[in-house]
Structure formats: C-alpha cells, structure tokens
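Asker: Structure of the sequence below:
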Amino acid sequence: MYQNSYNKNWYAMTDAVVVQTLCSSFKQMRLNKNISQEELAEQCGLSRITISRMESGKAINLLTMVQVMRALGKLDLLNHLNEEPEISPLQVMEERSKYRKKASPSK
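Answerer: Have a look, this model is predicted:
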C-alpha cells in the first residue's frame with residue numbers, strides 16, 4: 001500500500017514500521033544530495049557500516065540520528081519536536097496587572 005509521505009498515519013504504524021520509514025527517508029535524503037554512504041559516514045564521523053545498518057532499518061541511537069541529520073542539513077526538521085509552553089490569556093492579564101501603571105510623587 002502506497003502512502004503519500006506528507007499524510008502518513010504514524011499512529012497506525014507499528015514501531016518497527018515507523019523506524020523503517022524514517023530510515024528510508026534518511027536514505028532518500030542522502031541519495032537526493034548525491035552522497036555515497038562512505039561520504040556521509042565521513043561527514044558524520046561514523047562508519048559506513050553504521051550508515052548501511054541505519055538505512056536498512058536497524059536500530060540506531062539518537063546521537064547517530066542527530067549526526068546524520070546534521071550532515072544532511074536536516075536539523076531544522078527537529079523544530080517540529082520543540083513545543084513552547086502556551087501561556088493562557090488569563091496568565092498574561094495577571095502578569096500585566098503586576099506592572100506599575102503610574103509613578104509616585106517624590107517625597
């Protein structure tokens with residue numbers, strides 16, 4: 001079954017399929033940049049075997065994933081994982097009420 005890469009239902013996938021999909025994406029990113037596994041490995045400071053294992057869907061650690069993303073120029077994809085806390089409008093109003101509104105006359 002073919003799925004559009006922009007509309008994947010990640011929750012419907014098993015963990016193994018999610019890993020395989022991510023690894024395939026890294027491979028496609030590498031191929032789009034016309035970089036060999038050996039070249040990517042050198043840029044990451046990893047072995048070619050590590051790159052090969054990753055692209056075949058074998059487990060890698062988070063540090064390896066970050067090194068590969070950096071070498072591919074894709075660290076900006078991590079922006080989607082960084083959620084800023086939301087401040088409610090009531091909290092904003094409470095904070096604003098604490099600020100001085102007028103200066104006191106000098107004594």
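Asker: quick one: the helices in this structure?
Answerer: With DSSP state H, the ranges of helices along the chain come out as 15-32, 37-44, 48-55, 62-72, 89-97.
Asker: What number of residues are in the vicinity of residue 68?
Answerer: Residue 68: 24 surrounding residues under other C-beta atoms under 10 Å. Quick note: C-beta positions are derived from backbone N, CA and C, even for glycine.
Asker: Also the one 10 residues further on?
Answerer: Counted with other C-beta under 10 Å, the neighbours of residue 78 add up to 11.
Asker: Spatially nearest residue to it, not counting backbone neighbours?
Answerer: residue 69 (7.3 Å; C-beta to C-beta, 6 or more residues apart in numbering).
Asker: pretty sure that neighbour contacts residue 79?
Answerer: No. Using C-beta atoms under 8 Å, residue 69 is not in contact with residue 79, being 11.7 Å away.
Asker: Which one of these two is surrounded by more residues?
Answerer: Shown here are residue 69 and residue 79; by other C-beta under 10 Å, residue 69 has more neighbours (17 against 7).
Asker: need the contact list for the more buried one.
Answerer: 26, 75, 77, 78 (C-beta atoms under 8 Å, 6 or more residues apart in numbering).
Asker: Can you list the low-confidence ranges for the chain?
Answerer: Residues of the chain meeting the criterion pLDDT under 70: 1-6.
Asker: Is there a quick PyMOL command that grabs whichever of the contacts of residue 69 are buried?
Answerer: Buried residues within the contacts of residue 69, by 16 or more other C-beta atoms under 10 Å, are selected in PyMOL with:
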select buried, resi 26
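Asker: of all the contacts of residue 69, which comes closest to residue 10?
Answerer: residue 77 (14.1 Å; C-beta to C-beta).
Asker: With adjacent residues omitted, what lies nearest to that closest one?
Answerer: Nearest one to residue 77, counting by C-beta to C-beta, 6+ apart, is residue 69 at 6.7 Å.
Asker: Many thanks, I have nothing further to ask.
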